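Undergrad: Mind folding the following:
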Amino acid sequence: MAGMSGMRWVGVLVVLVVVCSVGVDGLRWRDAKLIRPATESSRVGARVEGEGEVDVNLIEGLPGAPQVPFAMRSGYVTVDEEAGRALFFWFVEADVADPASAPLTLWLNGGPGCSSVGGGMLSELGPFYPTLDGAHLLKNPHSWNKVSNMLFIESPAGVGFSYSNTTSDYKTGDKRTADDSYAFLLNFFKQYPQYSSNKFYISGESYAGHYVPQLAAAILEGNKVEGNKKINFKGMAVGNAWTDATVDNFGAIFYWWTHALVSDASFHGVVKNCNFTSMLVHDKATLLGGLENCNFSSVGPLRSNSEDECDKWVNAANLELGNINIYEIYADICVSAHAQAETRHFGKQLSRTRHAGLSTRPLLKDSYDPCVDDEVEVYLNRPEVQKALHANTTKLPWRWTDCSDIVDYSYEDLLSSILPLYQTLLESGIEILVFSGDIDAIVPVTGTRTWLNMLPLNITESWRPWIVDNQVGGYVTVYDKLTFSTVRGAGHMVPYTQPARALHLFESFINNKPF
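TA: You can find the predicted model right below:
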């Protein structure tokens, strides 16, 4: 997650897009070496003929991992033969009586440029999480594969083990990311037809607030094309989703102020001098609440001059925040030389520092581990692990990292709004869940509730608590075409910070049960 240094102020609180997502201007660009194309044996579903068929992507003997009763597969899917572009995946079979009939869910982490394998699979909702030294994996009792087959892909090319033979492919954006993900799915289902009729869902968090709706739209359009493989697409879920830069930035500064993270002066300075007009004129009473007396009339257009008044107050607010865990404001940070030295996306530089003495804490999933990224990175860079995963078969000229510093992602796309796309998705009939951890200060619940109020929705079930283990797990509002839920005590990465509540939420969603 990219740091703030060297970044120009472009939008209202675009420091969040940059610190939180990808510091496009601050990336350390490397000219990648040309990589030879994936061989047949490294592509998904490649078979070795003989006495029966052998799936060369089947994982057999994952180093340091406990024995599990379900199958896993990993490898590459080529999404563009001419460019030599291939995406790495990790598939986890459902740990249920009949996995063949269980739903299939694709999980996408955000960034843009962060790994769903390192994030979703090994830090949040997969069947394992790493020990403190990165040498072993422990079972996650709240893995989402307890209710669904799970699929994790590293996208776009340049993230994790995914790559392209065409260096210019690392300059990319939302459209190619969606197109490649759709091509991946078509090829995956072609090679693994046994899953092609299963109910299919997409879920993700953070900048997957762009990825998930855009891939959903691509699937819906692709299903209309004669001759295309029809994907049995049922629904999508997005958590703490970066959706509209203006709205989410206003939600952030409002959250910071109401949670005593910044001063009155900085809050009012940002509100007065940064452009929230396009958002506020939609429904002043609904969106402003008690702020009707603030001066929004003088707000000008979005600015890029780093010396203007908007930047001045945003910089002041960021300094006042201090070195807190912006992803989970009541959690500790990780203080490690390794974490501080790396360029990080979405504020990880603030939330990944290792305290001396943490190595003695219990190895429990329920004890918050602020250094999990470092541990995952150690594990996935072990040669024997890569061999077992059929990963890095082309000997990439970079180490695996949680978030890529070679992907040059479109800054325009970072600032674009996904709200117009929701109009189409709401009319499609798919199931939609929007969820929000309520102690995230990067893409907080305040912004999400604001943009939901901009959509043409009618409440069918009013705000109420939902219960897990005799405790309030969050609050839910059901609309005619969408469900919104908070997750109490969860940060930006909901399954990471509240795993039991996240699993309950996910299971209720895909089984169409009340929360």
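Undergrad: how about the residue most central in space within the chain, what does it touch?
TA: The structure's the chain has its C-alpha centroid closest to N109; by C-alpha atoms, centre = their mean the separation is 2.5 Å. By C-beta atoms under 8 Å, 6 or more residues apart in numbering, the residues touching N109 are S115, S116, G118, G119, G120, G204, E205, S206, A208. Heads up, the C-betas are built off the backbone N, CA and C, glycines and all.
Undergrad: do you know how far the fifth one is from Y496?
TA: Computed as C-beta to C-beta, to the nearest Å, the G120 to Y496 distance reads 9 Å.
Undergrad: These two: which is more packed in?
TA: G120 (29 against 24; other C-beta atoms under 10 Å).
Undergrad: in the sheet, who's paired with the closest residue to that one other than its chain neighbours?
TA: Among residues not flanking G120 along the chain, W107 sits closest, at 4.2 Å (C-beta to C-beta, 6 or more residues apart in numbering). Taking DSSP bridges as the rule, W107 bridges to F152, S203.
Undergrad: W107 touches S206, doesn't it?
TA: No - contact criterion C-beta atoms under 8 Å: W107 and S206 do not qualify, at 11.9 Å.
Undergrad: Now name the helix or strand holding V79.
TA: V79 is located in strand 72-80, with elements delineated by DSSP states H and E.
Undergrad: neighbouring contacts of that strand?
TA: Counting by C-beta under 8 Å, 6+ apart, 37-38, 42-44, 46, 55-59, 62, 84-93, 153, 157, 161-162, 164, 169, 180, 183-184, 187-188, 191, 389-391, 393 sit against strand 72-80.
Undergrad: list the contacts for the closest residue to N511 other than its chain neighbours?
TA: Of all residues not flanking N511 in the chain, V147 sits nearest, at 7.3 Å (C-beta to C-beta, 6+ apart). Residues counted as contacts of V147 (C-beta under 8 Å, 6+ apart) are A94, V96, A102, P103, L503, F506, E507, I510, N511.
Undergrad: Count the residues that sit near the closest residue to P66 other than its chain neighbours.
TA: Leaving out its chain neighbours, the residue that sits closest to P66 by C-beta to C-beta, 6+ apart is K139, at 5.6 Å. K139: 14 surrounding residues under other C-beta under 10 Å.
Undergrad: Same question for P66.
TA: P66, neighbours per other C-beta under 10 Å, totals 11.
Undergrad: Assumed it was part of a strand.
TA: No - P66 is assigned coil when assessed by DSSP: H, G, I helix; E, B strand; the rest coil, not a strand.
Undergrad: Contacts only, for it.
TA: Here P66 is in contact with F128, L137, L138, K139 (C-beta under 8 Å, 6+ apart).
Undergrad: Same check on K146?
TA: K146 neighbours (C-beta under 8 Å, 6+ apart): A94, D95, V96, L503, E507.
Undergrad: Apply 6 Å and report the result again.
TA: D95 (C-beta atoms under 6 Å, 6 or more residues apart in numbering).
Undergrad: quick one: it from E154, how far?
TA: Taking C-beta to C-beta, one finds K146 at 23 Å from E154.
Undergrad: now do N325
TA: 25 Å.
Undergrad: Make sure K234 is indeed in a strand.
TA: Yes - counting by three-state DSSP, K234 is part of a strand.
Undergrad: from here on, count from 53
TA: Fine by me, first position is 53 from now on; the one you just mentioned is K286.
Undergrad: tally of neighbours for E559?
TA: There are 15 residues near E559, going by other C-beta under 10 Å.
Undergrad: what's the answer for L238, then?
TA: If we define neighbours as other C-beta under 10 Å, then L238 has 17 of them.
Undergrad: for E372, same thing?
TA: Neighbour tally, E372, other C-beta under 10 Å: 14.
Undergrad: Please apply the same query to A149.
TA: The number of residues near A149, taken as other C-beta under 10 Å, comes to 7.
Undergrad: How is it assigned, secondary-structure-wise?
TA: Per three-state DSSP, A149 ends up coil.
Undergrad: picking up where we left off before, who wins on neighbours among the contacts of N161?
TA: That'd be E257 among those, by other C-beta under 10 Å, with 34 neighbours.
Undergrad: That one: what's it in contact with?
TA: E257 touches G291, N292, counting by C-beta under 6 Å, 6+ apart.
Undergrad: measure it to H544 for me?
TA: Relative to H544, and taking C-beta to C-beta, E257 is found at 7 Å.
Undergrad: ok, now how distant is P496 from A369?
TA: 14 Å.
Undergrad: can you check V108 too?
TA: V108 is 52 Å from A369, by C-beta to C-beta.
Undergrad: same check, this time on P208
TA: 31 Å.
Undergrad: Which of the helices or strands spans the closest residue to A383 other than its chain neighbours?
TA: Distance criterion C-beta to C-beta, 6+ apart; nearest residue to A383, sequence neighbours excluded, is N377 at 4.8 Å. Assigned by DSSP H and E, N377 belongs to no helix or strand.
Undergrad: So for N377, what's the pLDDT?
TA: Note on N377: pLDDT of 93.
Undergrad: any idea how far F240 is from it?
TA: 36 Å.
Undergrad: same check, this time on E427
TA: 29 Å.
Undergrad: Check D492 too.
TA: 31 Å.
Undergrad: neighbour-wise, which of the two wins?
TA: The residue with more neighbours, out of D492 and F240, is D492; 29 against 22, by other C-beta under 10 Å.
Undergrad: Would you check that the more buried one makes contact with N292?
TA: Yes - between D492 and N292 there is a contact under C-beta atoms under 6 Å: 5.1 Å.
Undergrad: List the residues that are in contact with both of the two.
TA: H544.
Undergrad: Q438 in helix, strand or coil?
TA: helix.
Undergrad: One more: A209?
TA: A209 ends up coil, using three-state DSSP.
Undergrad: who are the neighbours in contact with the closest residue to it other than its chain neighbours?
TA: Spatial nearest neighbour of A209, chain neighbours left out: S216 (4.3 Å); criterion: C-beta to C-beta, 6+ apart. Each residue near S216 by C-beta under 6 Å, 6+ apart is listed here: A135, G136, R137, A209.
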